[in-house]
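In: Requesting a structural model of the entry that follows:
(2 chains)
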Amino acid sequence: MITAMAEKHEKKTGLPHLEGSENGVVMRFAPNPSGPLHIGHARASALNDAYVKQCGGRYILRIEDTDPKRVDPEAYATVQEDIRWLGLGITEVVAQSERLPIYYDLCKQLIEKGGAYVCTCDNELFKELKDHKTACPCRDQPVAKSLELWQKMLDHGFKEGEASVRIRTDLNNPDPAMRDFPAFRILDTPPHPKVKAHVYPLMNFSVVADDHLLGVTHVIRGKDHIANTRRQRFIYDHFGWKVPVYRHYGRMGIEGVVLSTSQMRAGINAGTYTGWDDIHLGTLRALARRGIQPEAVKNAMIAIGIGDVDISFSWDNLYAENKKLVDPTANRYFFVPEPVEAKIEGAPAHTAHALLHPGDATRGSRTLEFTGSVLIPKAELVPGTAMLRLKDLFNVKIAWNGDTPSFSYGGASLADARAAKAHIVQWLPAQATVPCTLLTQEGIMSGACEPAVRSELGKVVQFERVAFVKIDAVGADGVRAYFTHK
RNA sequence: GCUGCUAUAGUGUAGUGGCCAAUCAUGUCGGCCUUUCACGCCGACGACUGGGGUUCGAAUCCCCAUAGCAGCACCA
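Out: As a prediction, the model looks like this:
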């Protein structure tokens, strides 16, 4: 009794329980190979991944390439690269184009069972009949006739659009979407890049065949598949197979980035975007380029969960997840946007030491050699400002002649700076800087940074008082960094 | 039009008849700490779509309304 009460009010940790997951699960991620993965794919793949990790089991990557129009040969590799980046626990990989004979065989079986028939009606005519709950002439032809026509399909006896296989359902089903939906069609063009074929399964058929044959127990996918799930049940029933457990999550609106593969491709070809990792795109590689960690993406997706409500994706929440990961590890450096050179009168030469990380002195420090002139951010030089504290160095007094400042040594006392409410600002020795451009989604910020930043290529660092940034390129002309988040 | 799903703070989320004058995170604002406008800490703000029922009791169950979404492709 007491334990029951305790269980009832137990706090949930992680994802909700999936019915039938006690002895492990077999799940799958099934993208089209049409381009790199984006945030939308991240939700599907991360949720399935999390359940496999939570319950134990297998995780299948299934490339759904049964529509040659939507296959980009390069995507087979890019999808797998993206999955590796995300860190998914994929245990096996299959491509549907390699399994055509399996589908053909099952189709024949299904026709023999009377669960499907070959339809040679004009598409418009069929739609018309279907909308009026009327059977097309092919529906009642003998099984032998369907089998003969099926063989004719496979033997190239029909051209594109002349014949298809339909699943027998219930023409009186109130939902028109459920009535005798197609399972196979003929496609002559374009040729499939991976396999020579003429007859292709539609997803509802190949998905059922594969889910059954591969032993898939649980399916988590978007609610745009709810109707497909209902259609797929007809096929399961015809075969007498066990149906997996399904869960359909709601739509996720994502603002601020481009997600449509065709739009991205067009933009890249037109030169609007620099590539699939352009920071204006919603691809995983674009996130990676901006310094978003794969763990942050997964955590954000798991936090969103599998609710069936439509939601809007929050960049803030993603950034917060990322900051948790990056803040403890990112080294700190000075970056001076719009640098202004200031010659400081009366200041003694001094070697400044600044910690690489304020919370961990053992990580060491950078040394900045002051010999008379510094670069400071233009934004700090608001006329009337009397004092600034150069962080880890000393105070600077500013005298104003109209809008023209002149600088002099203001002592080393931090207490003085505090008393004067002086800003503590980042700076660079004028003789030891590297040009640095900081790219944000809004535009370019140019400035200068510490030479040591060049050793952080590929890493996320914090430009103090500015932002976390990803060091994207280091060259003779300086450093290029991408804005990650504040 | 037909079929179906959903509705908790700005955003995401917990909640399955009494623990809920509603959880956590994020966000915004204020404060503390601090040689970063970061991190950390403290505090504040902020929601059960509306209306009917059922019940001793409803965010939770039912009905209606409203709103949003999905599907009705020889795409996945």
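
In: Could you use CA atoms for every contact and neighbour count after this?
Out: Noted.

In: End to end on stretch A:274-288, go ahead and measure it.
Out: Terminal residues of stretch A:274-288 lie 15 Å apart, using Cα to Cα, to the nearest Å.

In: Pull out the buried positions in that stretch.
Out: Within stretch A:274-288, the residues that count as buried by 16 or more other Cα atoms under 10 Å are A:275-288.

In: So stretch A:255-264, near RNA strand B or not?
Out: No. If you take Cα under 7 Å from any atom of the strand as the test, stretch A:255-264 misses RNA strand B, and the best it gets is 10.8 Å.

In: which residues are contacting that stretch?
Out: Outside stretch A:255-264, the residues that touch it by Cα atoms under 8 Å, 6 or more residues apart in numbering are A:34-35, A:38, A:273, A:276, A:280-283, A:313.

In: Save the buried residues of stretch A:274-288 as JSON lines, and put in secondary structure too.
Out: Shown next, in JSON lines, are the buried residues of stretch A:274-288 (DSSP: H, G, I helix; E, B strand; the rest coil):
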{"residue": "A:Gly275", "secondary structure": "coil"}
{"residue": "A:Trp276", "secondary structure": "coil"}
{"residue": "A:Asp277", "secondary structure": "coil"}
{"residue": "A:Asp278", "secondary structure": "coil"}
{"residue": "A:Ile279", "secondary structure": "coil"}
{"residue": "A:His280", "secondary structure": "coil"}
{"residue": "A:Leu281", "secondary structure": "strand"}
{"residue": "A:Gly282", "secondary structure": "coil"}
{"residue": "A:Thr283", "secondary structure": "strand"}
{"residue": "A:Leu284", "secondary structure": "helix"}
{"residue": "A:Arg285", "secondary structure": "helix"}
{"residue": "A:Ala286", "secondary structure": "helix"}
{"residue": "A:Leu287", "secondary structure": "helix"}
{"residue": "A:Ala288", "secondary structure": "helix"}
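
In: Provide the count of other residues in contact range of the closest residue to A:Ala386 other than its chain neighbours.
Out: Leaving out its chain neighbours, the residue that sits closest to A:Ala386 by Cα to Cα, 6 or more residues apart in numbering is A:Ile398, at 4.9 Å. For A:Ile398, the neighbour count with other Cα atoms under 10 Å is 21.

In: A:Val309 too?
Out: There are 12 residues near A:Val309, going by other Cα under 10 Å.

In: who's sitting farthest from the centroid in chain A?
Out: Ranking residues of chain A by C-alpha distance from their mean position (Cα atoms, centre = their mean) puts A:Gly346 at the top, at 54.2 Å.

In: quick one: which of the contacts of stretch A:255-264 is nearest RNA strand B?
Out: Of all these, RNA strand B sits closest to A:Phe313, with 5.5 Å by Cα to the nearest atom of the strand.

In: what about that closest one, neighbour count?
Out: When counting by other Cα under 10 Å, one arrives at 18 neighbours for A:Phe313.

In: So for it, what's the nearest residue that isn't a sequence neighbour?
Out: Spatial nearest neighbour of A:Phe313, chain neighbours left out: A:Ile254 (5.2 Å); criterion: Cα to Cα, 6+ apart.

In: Can you give me every residue that contacts the one you found?
Out: A:312-314.

In: give me the subset of the residues you listed touching RNA strand B.
Out: Among these, the residues within reach of RNA strand B (Cα under 7 Å from any atom of the strand) are A:312-314.

In: among the residues you listed, which are in strands?
Out: The strands, defined by DSSP state E, take in A:Ser312 from the ones next to RNA strand B among the contacts of A:Ile254.

In: follow-up on the earlier one: let's have the contacts of A:Ile254 in TSV, adding pLDDT.
Out: What follows is the contacts of A:Ile254, written out as TSV (pLDDT from 0 to 100):
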residue	pLDDT
A:Ser312	94
A:Phe313	95
A:Ser314	94
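
In: picking up where we left off before, list just the nearest of the ones next to RNA strand B among the contacts of A:Ile254 to A:Ser21.
Out: The nearest member of the ones next to RNA strand B among the contacts of A:Ile254 to A:Ser21, counting by Cα to Cα, is A:Phe313 at 28.0 Å.

In: surely that closest one meets A:Gly253?
Out: Yes. Taking contacts as Cα atoms under 8 Å, A:Phe313 lies within contact range of A:Gly253: 5.8 Å.

In: how about the residues of the stretch 151-300 of chain A near RNA strand B?
Out: Contact residues (Cα under 7 Å from any atom of the strand) of the stretch 151-300 of chain A with RNA strand B: A:160-164, A:174-177, A:182, A:184-187, A:201-204, A:223-228, A:250-251.

In: so what's A:Arg43 up against?
Out: Here A:Arg43 is in contact with A:298, A:301-302 (Cα under 8 Å, 6+ apart).

In: Try it again at 10 Å.
Out: A:49, A:220-222, A:249, A:252, A:297-302, A:304-306 (Cα atoms under 10 Å, 6 or more residues apart in numbering).

In: Of these, which belong to strands?
Out: Counting by DSSP E, the part of the contacts of A:Arg43 found in strands is A:220-222, A:249, A:252.

In: of all those residues, which comes closest to A:Trp150?
Out: A:Arg221 (31.7 Å).

In: which residues are common contacts for A:Phe313 and A:Gly253?
Out: When contacts are counted by Cα under 10 Å, 6+ apart, A:Phe313 and A:Gly253 have A:Gly40 as shared neighbours.

In: start to end distance for stretch A:304-319?
Out: One end of stretch A:304-319 sits 14 Å from the other (Cα to Cα).

In: Buried residues, that stretch. List them.
Out: So for stretch A:304-319, counting by 16+ other Cα under 10 Å, buried means A:304-306, A:313, A:317-319.

In: Now the two most distant members of those residues.
Out: A:Ile306 and A:Tyr319 (20.5 Å).

In: same question for stretch A:340-349, mean pLDDT?
Out: Mean pLDDT, computed over stretch A:340-349, is 95.

In: Centre of the chain to the longest helix along chain A, how far?
Out: Determined from DSSP state H, the single longest helix within chain A is helix A:39-55. Taking Cα atoms, centre = their mean, to the nearest Å, one finds the center of helix A:39-55 at 12 Å from the center of the full chain.

In: And the pLDDT for A:His38?
Out: Each residue has a pLDDT score; the one for A:His38 is 96.

In: Check the burial of it by counting its neighbours.
Out: Neighbour number of A:His38 under other Cα under 10 Å is 21.

In: contacting residues for the residue nearest to A:Ala386?
Out: A:344, A:381, A:383-388, A:404-410.

In: RNA strand B contacts on the stretch 301-450 of chain A?
Out: Residues of the stretch 301-450 of chain A found near RNA strand B, taking Cα under 7 Å from any atom of the strand as the criterion, are A:303-314, A:316-317, A:320, A:323-324, A:327-328, A:332, A:357-359, A:380, A:389-394, A:412, A:414, A:423-425.

In: Kindly export stretch A:17-32 (C-alpha atoms) in PDB.
Out: Taking only C-alpha atoms (Å, rounded to 0.1, in the frame of the first residue of the first chain), the coordinates of stretch A:17-32 have been written out as PDB:
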ATOM      1  CA  HIS A  17       7.600   4.600 -20.200                       C
ATOM      2  CA  LEU A  18       6.900   2.800 -23.400                       C
ATOM      3  CA  GLU A  19       4.400   0.000 -23.200                       C
ATOM      4  CA  GLY A  20       6.200  -3.300 -23.800                       C
ATOM      5  CA  SER A  21       9.700  -2.000 -23.500                       C
ATOM      6  CA  GLU A  22      10.600  -4.000 -20.400                       C
ATOM      7  CA  ASN A  23      12.700  -6.600 -22.200                       C
ATOM      8  CA  GLY A  24      14.400  -4.200 -24.500                       C
ATOM      9  CA  VAL A  25      13.400  -2.600 -27.700                       C
ATOM     10  CA  VAL A  26      14.200  -2.600 -31.400                       C
ATOM     11  CA  MET A  27      13.800   0.900 -32.900                       C
ATOM     12  CA  ARG A  28      14.700   2.600 -36.100                       C
ATOM     13  CA  PHE A  29      15.500   5.900 -37.600                       C
ATOM     14  CA  ALA A  30      14.400   6.000 -41.200                       C
ATOM     15  CA  PRO A  31      15.400   9.100 -43.200                       C
ATOM     16  CA  ASN A  32      15.300   9.800 -46.900                       C
END
